[in-house]
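In: the following comprises the amino acid sequence and a computationally predicted model.
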Amino acid sequence: MGICESKQNQQEFKPNIIQSDKNEENMIKKMSLGDNIPVSIEIINKVMKSVCKIIVKNNGGSNYSIGFFMEINDNQKYLITNYHVISKDTLNKDIEIEIYNHKKMKLNFNNRNIKYFPNPKDITIIEIKNDDTIYDGVEFLDYDYNYKKGYNYYKNARIFTIEYPSGKSANSAVGRIININDFEFVHNIPIEKGSSGCPILLYSEDINLIQVIGIHKEYNNSKNSNIGTFIG
C-alpha cells in the first residue's frame, strides 16, 4: 500500500517511497497501490485535492471520517460523505473539515441545500456554493454516468481510493468490485478502519478519466467484506 502525505503551502504531494530502486526517476513518476498496479503521481495529486478529513467533536473526543468533493452537471458542487458521519442529528455538533493543504474550517450548514439518504444507502450530500472561496484550489471530482447502463456494468471493475484512516496520513489503495447487490457492492480495496466516506473511483491511467462511482460505507464483519454504495 502506497502512502502519500499532503504538504503545507499547496505544494505537490510526494509519496513516501520505502523500497529501494536504482531507477529513482521511474519511482518518482509512478507508485504502486494495493496490488502493485502502477498509478501516476499526477492522478494521486489530483485526487488528494478532492478528499478531506471530517472531524466531528463531541463530549471532549473526536471522530474522524472522510468526505470528497464532486461536481455534478450544471456546475453543481457538493461535499459527499456517509449519512452515519453527518446526519440531521449531528448538525448541532462541532464539525470541522481539513482539506488537502491542512487548512481546517468549521463546516457551516446555514442556507445550504443538504440531501440525506439514510441506511441502507447511507449518503449525505452537502451543497458547496460558488461564493465559498475557502474551497479555492480544491479539485472537484467528476461523476461516471455509465451507471445508467445498470450497476452490473461495474462488475470486476478496477477501482481505487484515497483515505485518511482515523485521521492519520493519507493512504492510497486499489482493488476490484467483486459482487453487486442492487445499489450496494462488495469490494476488496484494503481500506483501513476509520475511513467511512472515502470515494470509490474507477481506475484509469488517464488523469482526465478519474471518475467517482460510489462511496465506501462499512466493513461488514459477518460477511468479512467491504461494502460500498453506488451514488447513482
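Out: Sure, I can see it.

In: flag the shaky bits of this structure, pLDDT-wise.
Out: 1-39, 222-223 (pLDDT under 70).

In: all helices for it, in order.
Out: 24-29, 41-48 (DSSP state H).

In: in the last one, what's buried?
Out: When burial is assessed from 16 or more other C-beta atoms under 10 Å, helix 41-48 yields the following buried residues: Ile41, Ile43, Ile44, Asn45, Lys46, Val47, Met48. C-beta: built from backbone N, CA, C; applies to glycine.

In: identify the farthest-apart pair in those residues.
Out: Spatially, the most separated pair among those is Ile41 and Val47, at 10.9 Å (C-beta to C-beta).

In: Gly175 is in contact with Asn156, correct?
Out: No - assessed by C-beta atoms under 8 Å, Asn156 is found out of contact with Gly175, at 10.8 Å.

In: what about these two, which has more around it?
Out: Gly175 (22 against 10; other C-beta atoms under 10 Å).

In: residues near the closest residue to that one other than its chain neighbours, how many?
Out: Leaving aside its sequence neighbours, Gly175 sits nearest to Ile189 (C-beta to C-beta, 6 or more residues apart in numbering; 3.6 Å). Per other C-beta under 10 Å, the neighbour tally for Ile189 reads 24.

In: how near is Ile189 to Ile95?
Out: In this view, Ile189 and Ile95 are 26 Å apart by C-beta to C-beta, to the nearest Å.

In: ditto for Lys155
Out: Counting by C-beta to C-beta, the separation of Lys155 from Ile95 is 36 Å.

In: same deal with Asn59?
Out: Distance, Asn59 to Ile95, using C-beta to C-beta: 14 Å.

In: kindly state the beta-bridge partners for Phe230.
Out: Gly214 (DSSP bridges).

In: what sits against it?
Out: With contacts defined as C-beta atoms under 8 Å, 6 or more residues apart in numbering, Phe230 is in contact with Tyr147, Tyr151, Tyr154, Phe183, Glu184, Phe185, Ile213, Gly214.

In: tell me which of Lys155 and Ile95 has more neighbours.
Out: Taking neighbours as other C-beta under 10 Å, Lys155 and Ile95 compare with Ile95 leading, 19 against 13.

In: circling back: save the contacts of Phe230 as TSV, and put in neighbour count and distance to Ile72 too.
Out: Shown next, in TSV, are the contacts of Phe230 (neighbours: other C-beta atoms under 10 Å; distance: C-beta to C-beta, whole Å):
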residue	neighbour count	distance to Ile72
Tyr147	16	13
Tyr151	20	18
Tyr154	22	19
Phe183	17	17
Glu184	18	21
Phe185	26	20
Ile213	24	13
Gly214	26	14
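
In: let me know the closest of those to Asn110.
Out: Gly214 (29.1 Å).
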